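Participant: Next come a sequence and a model predicted from it.
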Amino acid sequence: DFAGQTVLLTAGPTVEDADPARFISNRSTGRMGAALAKIAARRGARVIFVHGPMSWPVPQAPAIRAIAVRSAEEMCNAVLAEIPHASVAILCAAVADYTPVAYSREKIKKGTAATFSLQLKRTPDILATVGALDQKPFLVGFAAETQDLTANAAAKLRQKHCDMLCANDITEPGCGFAVPTNRLTVLFADGRREDLPLLAKEEVAAKVLDLVRREMNSSQ
Ligand code: CTP
């Protein structure tokens with residue numbers, strides 16, 4: 001049911017380098033994005049899989065074109081280059097919100113001070129950038145929350161101009177990073193919501209794609 005569609009996915013963490021030895025990143029493995037890529041390809045889509053350094057295998061299939069990036073800025077550039085080809089974009093990467101202001105080419109020495117501060121600057125918000133495009137694909141965001149899930153997720157959906165937003169509480173057992181399952185609350189731009197049960201990430205991916213298909217059909 002995705003034949004003829006090109007699905008652009010982002011997945012995994014981004015890595016923001018501070019010096020040749022150190023970086024800032026997060027606990028994302030890329031498993032949810034990998035599941036979405038695999039199921040979308042199985043259902044007939046061409047998949048553009050833009051991913052940060054993953055600790056889960058990058059999915060391999062003839063219909064999947066993987067583009068490896070490292071930082072949020074690189075991920076943003078790759079997504080903006082590919083977005084004109086996409087009819088659907090599902091951005092589930094755990095993109096770093098901040099990156100070091102400067103990269104030190106030499107290893108930063110610890111010196112004698114008891115505390116150390118690293119100055120950070122904002123990265124581009126990829127989902128919001130795509131949401132602001134005139135010509136945009138059917139746009140799905142994700143939200144990782146630890147409190148006020150529905151209110152925070154609804155604000156992200158609105159502010160980033162998504163058609164659909166999949167929210168999960170990363171403190172809930174069986175949800176979030178480095179676990180095989182997830183439980184999503186899916187919000188739609190017109191205020192509807194659907195609560196999915198706790199499922200294996202591949203089953204979650206299938207449900208998300210079912211909802212994307214249904215919403216795209218109903219808006220045609
Ligand atoms: N996202 C993105 N670019 C960023 C930050 C986030 O594209 N620089 C996307 C994520 O891929 C996800 C959505 O925005 O689809 C929400 O990400 P999340 O980390 O939950 O929220 P933030 O917008 O970063 O807000 P906060 O960290 O304040 O909760």
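Facilitator: Thanks, I have it. Small disclaimer: the values here were computed from a predicted structure and weren't measured. Residues are numbered from 1 along each chain as shown.
Participant: what's the longest strand in the protein?
Facilitator: Across the chain, the longest stretch assigned as strand under DSSP state E is strand 138-145.
Participant: Identify the residues contacting that one?
Facilitator: The contact list for strand 138-145 (C-beta atoms under 8 Å, 6 or more residues apart in numbering) reads 32, 87-92, 94, 127, 130-131, 149, 152-153, 156-157, 160-170, 176, 208, 212, 215-216. (C-beta placed from N, C-alpha, C; glycine too.)
Participant: now, which of those residues lie within strands?
Facilitator: Using DSSP E, the contacts of strand 138-145 in strands are 88-91, 164-169.
Participant: Keep only those residues that also lie close to the ligand.
Facilitator: By C-beta under 6 Å from any ligand atom, the members of the ones in strands among the contacts of strand 138-145 lying near the ligand are Leu91.
Participant: For the most centrally placed residue in the chain, list the residues it contacts.
Facilitator: The centre of the chain sits closest to Cys92, judged by C-alpha atoms, centre = their mean, with a distance of 1.8 Å. By C-beta under 8 Å, 6+ apart, Cys92 lies in contact with 9-11, 32-33, 36, 142, 166.
Participant: what's the answer for Arg22, then?
Facilitator: Ile108.
Participant: Quick check: can you name the pairing partners of the strand or helix carrying Ile67 and their directions?
Facilitator: Here Ile67, judged by DSSP states H and E, is contained in strand 64-68. If you go by DSSP bridges, strand 64-68 pairs up with strand 46-51 (parallel).
Participant: Can you list the buried residues in the strand it pairs with?
Facilitator: Residues 46-51 are the ones in strand 46-51 that count as buried (16 or more other C-beta atoms under 10 Å).
Participant: Could you pick out the residues of this protein near the ligand for me?
Facilitator: Near the ligand, when you scan the chain using C-beta under 6 Å from any ligand atom, you find 10, 72, 91-93, 95, 97, 123, 125-127, 141-144, 156.
Participant: Closest one of the residues you listed to Phe116?
Facilitator: Asp97 (20.4 Å; C-beta to C-beta).
Participant: what's the pLDDT at the residue of the chain positioned farthest from its centre?
Facilitator: No residue in the chain sits farther from the centre than Thr112, which is 39.5 Å out by C-alpha atoms, centre = their mean. Listed pLDDT for Thr112 reads 92.
Participant: Next one: it relative to the ligand, how far apart?
Facilitator: As defined by C-beta to the nearest ligand atom, to the nearest Å, Thr112 lies at a distance of 34 Å from the ligand.
Participant: Next up, identify which helix or strand that residue is on.
Facilitator: Using DSSP H and E, Thr112 maps to neither a helix nor a strand.
Participant: Give me the buried positions along the strand holding Ile67.
Facilitator: For strand 64-68, burial by neighbour count (16+ other C-beta under 10 Å) applies to 64-67.
Participant: name the helices or strands packed onto the very next helix or strand once past that strand?
Facilitator: Of the helices and strands lying after strand 64-68 in sequence (DSSP H and E), the nearest is helix 72-82. Counting contacts by 3 or more C-beta pairs under 8 Å, 6 or more residues apart in numbering; DSSP states H and E, helix 72-82 packs against strand 6-11, strand 46-51, helix 126-131.
Participant: Can you add mean pLDDT and give the ones you listed back as a markdown table?
Facilitator: Below are the helices and strands packed on helix 72-82 laid out as a markdown table (pLDDT from 0 to 100):
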| stretch | mean pLDDT |
| --- | --- |
| strand 6-11 | 98 |
| strand 46-51 | 98 |
| helix 126-131 | 98 |
